[in-house]
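Asks: Structure of the sequence below:
(chains A and B)
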Amino acid sequence: MNKKKRFRIGPYLFILPAFLVSFTFIIIPLAISLSYSFTDYNLVSKSFVGLANYKKLFTDVAFKRAFVNTAEYTFFVVAINVVLGLIIAAFLNEKWLRGSKIFRTIIYIPYTVSVVAASMIWLYIYNPNGLLNSIMSFLGLKQQLWLDNMKLVMPCLIVMSVWQGVGYCMVMYLAGFQSVPPDLYEAATIDGASKLQQFFKISVPMLAPTTYLILIMTIMSSFQVFGQVYNMTSGGPAYRTTTLVHQIYMQAFVGWKMGYASAISVVLLATSMTITLLLFRYGNRNGGAEVDQ
Amino acid sequence: MTSKTKEVDVRSVRMYKIRRRIIRVMIVLFLVIVVAFSFFPLFIMILTALKEQKETLTATFRFFPKVPQFHNFVDCFARNNWFRYFLNSGFVTLMVVLLSTFISSLAGFSFARLKFKGNTAIFMMFMAGIMIPAQAYIIPQYIMLRSIPLLGGNDITGAGGTGLLGTYWALIIPFTAAPLGIFLCRQFYLTFPRSLDDAARIDGCNNFQLFASIYLPQSKTVFATFVILKFTYTWNEFFYPLIMTNSKDMYTVQIGLQQFNELGIVDWPLLMAATLVVMMPILVVFFAAQKYFVQGIVTSGLK
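Replies: Residues are numbered from 1 along each chain as shown, chains lettered A, B, ... in the order given. A predicted model of the protein is given here:
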């Protein structure tokens, strides 16, 4: 009797620590976050305001800019990283290439650098007396205030994020190439297919599951961009680089408007969930792609 | 075959070879540019860390420092209590890694090896946690940690003080449940032969003994992978400690580094020196265990 009972509860006990922590620090806060978003709450007093916070989102310039900026940043960073990562991996996968391991290691290093450290390095590169401006004057071009320029500041952040993220995509694609059967390429070569044709007709479709996984992960992480913005531009100039998470931070922990910030975080959650579900759906329809579990 | 067609043949083979060579040279050139782009910022950081401040403020840029200022690596830590920051980061990272490894392997073992109702459903729930952006629940998390009763000057209702905010526990406990670890351990334990379990059970092992005496000692490779990733993530974490630490004494190295930026005129050589030192533990781990590092990223897909 005793033994039977222990056998039933045992498996759950193994999961209990992980479950308790996740439940306390993710699931409950998620529910509370939703409820805060209907209140006006500044840590001292709390009052129910219904949908007022959500209505305010539509008239808040900072929020609108943040939403557009986040989408713009995510689109460019993800697109460039995925395409560039695939090309680099395809080249590194060529058998005649020597030293591909060294290439791989160096391209991957920036990915291990923390966002604060990366921000500091690129702040130095972009600063008025910094590296980029001296390269500009060396080439006889006009020097720029990179991070104070409305047109240039977003591309500057995107370049930095490509520097950090392309190694991840490359490594994922290199692993993906391992699972493409080599006889496919051999057969195609015998049939007279060029390397370029092989790339588009064999590599790209066979790597679809990898692409799909990379898309989910990079879209999620780009959508949460914060460190670069906080450390390099503070969202400026004139909200040009403020992002959703930056707005959550500013509203909640600088302005102490917990209710309004919660409404923004609900929007963040809803948007990223929608994107993920769309990707899952699209991926499953294509058949080949499933997140391995 | 006449001699003329043979000649054409030789020529076209030669053309093909030349074309192939040109393409290969272009590919190598492309890769060299990418590598330069990846490496150059780090190279500049190292060179700048060795300069004098006045060298970085002049309009004429020089790559190499006139005289390498190695004392920068000591000086950069004089201004703030960096010893404390490293201690904080070290302790928090150590605790998070130890606790999350143990907790994850327990859960991973259960998901992989034990039969119970809702196994797959609960596992998928944990995995869904990866998809939820942390910023979506950080505000209530902050308020919860702040209002834990009877701690940090709080009364029984959780008001009045700061609760667990500004303690190590605020930086440790929420990170001890790691979906990544559960995933990696489950995958790893699924590859163990079932006969191992049967043999142990015949010998009278219960679930925990089975886990502790057979699975845990065999987990070195999966732990290596997970520990390296978790170590990197925890050491590099910025958003969370930025919010949850409320005094300079509790800063982690990342927050300390960010402070350099707020001192008016930036002393670039000292900032770059500090940046390099803060990156050092990760770089050492990366080069010492690159295989596990990359393996972890690849098997989980996690960014």
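
Asks: what residue ranges in the stretch 51-200 of chain B score low on pLDDT?
Replies: By pLDDT under 70, the low-scoring segments of the stretch 51-200 of chain B are B:59-60.

Asks: which residues in it form helices?
Replies: Counting by DSSP state H, counting those that start in this stretch, one finds helices in the stretch 51-200 of chain B at the ranges B:53-57, B:72-75, B:82-113, B:119-131, B:138-146, B:168-172, B:179-190, B:194-202.

Asks: TSV please, covering those and showing mean neighbour count and distance to chain A.
Replies: Just so you know, the C-beta spots here come from the backbone N, C-alpha and C atoms, and that holds for glycine as well. Putting the helices of the stretch 51-200 of chain B into TSV (neighbours: other C-beta atoms under 10 Å in any protein chain shown; distance: least, C-beta to the nearest C-beta, whole Å) gives the following:
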stretch	mean neighbour count	distance to chain A
helix B:53-57	15	6
helix B:72-75	16	14
helix B:82-113	21	4
helix B:119-131	16	5
helix B:138-146	23	4
helix B:168-172	21	10
helix B:179-190	23	6
helix B:194-202	12	11
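
Asks: Any idea which helix or strand in chain A has the lowest mean pLDDT?
Replies: Ranking every helix and strand in chain A by mean pLDDT, DSSP states H and E puts helix A:2-22 at the bottom, with a mean of 77.

Asks: same for it, what does it pack against?
Replies: Applying 3 or more C-beta pairs under 8 Å, 6 or more residues apart in numbering or on different chains; DSSP states H and E, one finds that helix A:2-22 contacts helix B:82-113, helix B:119-131, helix B:207-210.

Asks: Export those to JSON lines and append columns for distance to B:L29.
Replies: Shown next, in JSON lines, are these (distance: least, C-beta to C-beta, whole Å):
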{"stretch": "helix B:82-113", "distance to B:L29": "41"}
{"stretch": "helix B:119-131", "distance to B:L29": "39"}
{"stretch": "helix B:207-210", "distance to B:L29": "57"}
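
Asks: related to what we said a few turns ago, for the helices of the stretch 51-200 of chain B, which one sits closest to A:S194?
Replies: helix B:179-190 (38.4 Å; C-beta to C-beta).

Asks: relative to helix B:82-113, how tilted is the closest one?
Replies: If you take axes from the mean of the first three to the mean of the last three C-alpha atoms, to 10 degrees, helix B:179-190 sits at 40 degrees to helix B:82-113.

Asks: Packing partners of helix B:179-190?
Replies: If you count contacts as 3+ C-beta pairs under 8 Å, 6+ apart, helix B:179-190 packs onto helix B:82-113, helix B:119-131, helix B:220-236, helix B:290-300.

Asks: Rebuild those as JSON lines, extending it with distance to B:F30.
Replies: As requested, the helices and strands packed on helix B:179-190 are exported to JSON lines (distance: least, C-beta to C-beta, whole Å):
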{"stretch": "helix B:82-113", "distance to B:F30": "38"}
{"stretch": "helix B:119-131", "distance to B:F30": "34"}
{"stretch": "helix B:220-236", "distance to B:F30": "29"}
{"stretch": "helix B:290-300", "distance to B:F30": "22"}
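
Asks: buried residues in stretch A:191-207?
Replies: A:A193, A:Q198, A:I202, A:S203, A:M206, A:L207 (16 or more other C-beta atoms under 10 Å in any protein chain shown).

Asks: gap between the two ends of that stretch?
Replies: One end of stretch A:191-207 to the other measures 21 Å (C-alpha to C-alpha, to the nearest Å).

Asks: swap in stretch B:194-214?
Replies: First-to-last residue span, stretch B:194-214, C-alpha to C-alpha: 12 Å.

Asks: Any chance you could list what contacts it?
Replies: Residues outside stretch B:194-214 that contact it (C-beta atoms under 8 Å, 6 or more residues apart in numbering or on different chains): A:R6, A:F7, A:G10, A:P11, A:F14, B:S105, B:L106, B:F109, B:R113, B:L114.

Asks: quick one: which of the residues you listed is nearest to B:F238?
Replies: Using C-beta to C-beta, the contacts of stretch B:194-214 come closest to B:F238 at B:S105, 27.5 Å.

Asks: what residues are up against the closest one?
Replies: Applying C-beta under 8 Å, 6+ apart, the residues near B:S105 are B:G181, B:C185, B:F211, B:Y215, B:L216, B:S219, B:V222, B:F223.

Asks: Just want the most central residue of chain B.
Replies: B:T232 (2.4 Å; C-alpha atoms, centre = their mean).

Asks: what sits against the residue nearest to that one when sequence neighbours are not counted?
Replies: Of all residues not flanking B:T232 in the chain, B:I282 sits nearest, at 5.5 Å (C-beta to C-beta, 6 or more residues apart in numbering or on different chains). By C-beta under 8 Å, 6+ apart, the contact set of B:I282 is A:T112, A:V113, A:S114, B:F231, B:T232, B:W235, B:N236.

Asks: close enough to count as contact, the fourth one and B:A288?
Replies: Looking back up the chat, that one is B:F231. No. Taking contacts as C-beta atoms under 8 Å, B:F231 lies outside contact range of B:A288: 11.6 Å.

Asks: who's more crowded, these two?
Replies: B:F231 (18 against 11; other C-beta atoms under 10 Å in any protein chain shown).

Asks: Excluding sequence neighbours, find me the nearest residue to that one.
Replies: Nearest residue to B:F231, sequence neighbours excluded (C-beta to C-beta, 6+ apart): B:V97, at 5.5 Å.

Asks: ok, back up a step: just the contacts of stretch B:194-214 now: which is nearest B:V277?
Replies: Looking across these and measuring by C-beta to C-beta, the closest to B:V277 is B:S105, at 32.4 Å.

Asks: what's the first-to-last distance across stretch A:83-101?
Replies: Span of stretch A:83-101 from end to end, C-alpha to C-alpha: 20 Å.

Asks: er, stretch A:51-65 actually
Replies: End-to-end distance of stretch A:51-65: 21 Å, with C-alpha to C-alpha as the criterion.

Asks: Longest helix of chain B, counting residues only.
Replies: helix B:3-49 (DSSP state H).

Asks: Show me what that one is packed up against.
Replies: helix A:61-92, helix A:100-112, helix A:115-126, helix A:153-178, helix B:268-288.

Asks: quick one: which of those helices is nearest B:F126?
Replies: helix A:153-178 (22.0 Å).

Asks: the inter-axis angle of the closest one versus helix A:61-92?
Replies: Going by the same axes, to 10 degrees, helix A:153-178 makes 40 degrees with helix A:61-92.

Asks: List the buried residues for helix A:153-178?
Replies: A:153-154, A:156-177.

Asks: Please list which of those residues are also close to chain B.
Replies: Restricting the buried residues of helix A:153-178 to those touching chain B (C-beta under 8 Å from any C-beta of the partner chain) yields A:W163, A:G165, A:V166, A:G167, A:Y168, A:V171, A:M172, A:A175.

Asks: Report the two of the residues you listed separated the most.
Replies: Between all members of these, the farthest pair (by C-beta to C-beta) comes out as A:W163 and A:A175, at 21.2 Å.

Asks: give the contact list for the nearest residue to A:F138 once chain neighbours are set aside.
Replies: Nearest residue to A:F138 in three dimensions, chain neighbours excluded: B:F61, at 8.0 Å (C-beta to C-beta, 6+ apart). Going by C-beta under 8 Å, 6+ apart, B:F61 touches A:N129, A:L131, A:N133, A:S134, A:F138.

Asks: What is the three-state secondary structure of the first one?
Replies: Under DSSP: H, G, I helix; E, B strand; the rest coil, A:N129 falls in the coil class.

Asks: what about it, how many neighbours?
Replies: 15.

Asks: re earlier: of the contacts of B:I282, which is the nearest to A:T189?
Replies: A:T112 (37.2 Å).

Asks: Tell me the pLDDT of that closest one.
Replies: Note on A:T112: pLDDT of 91.
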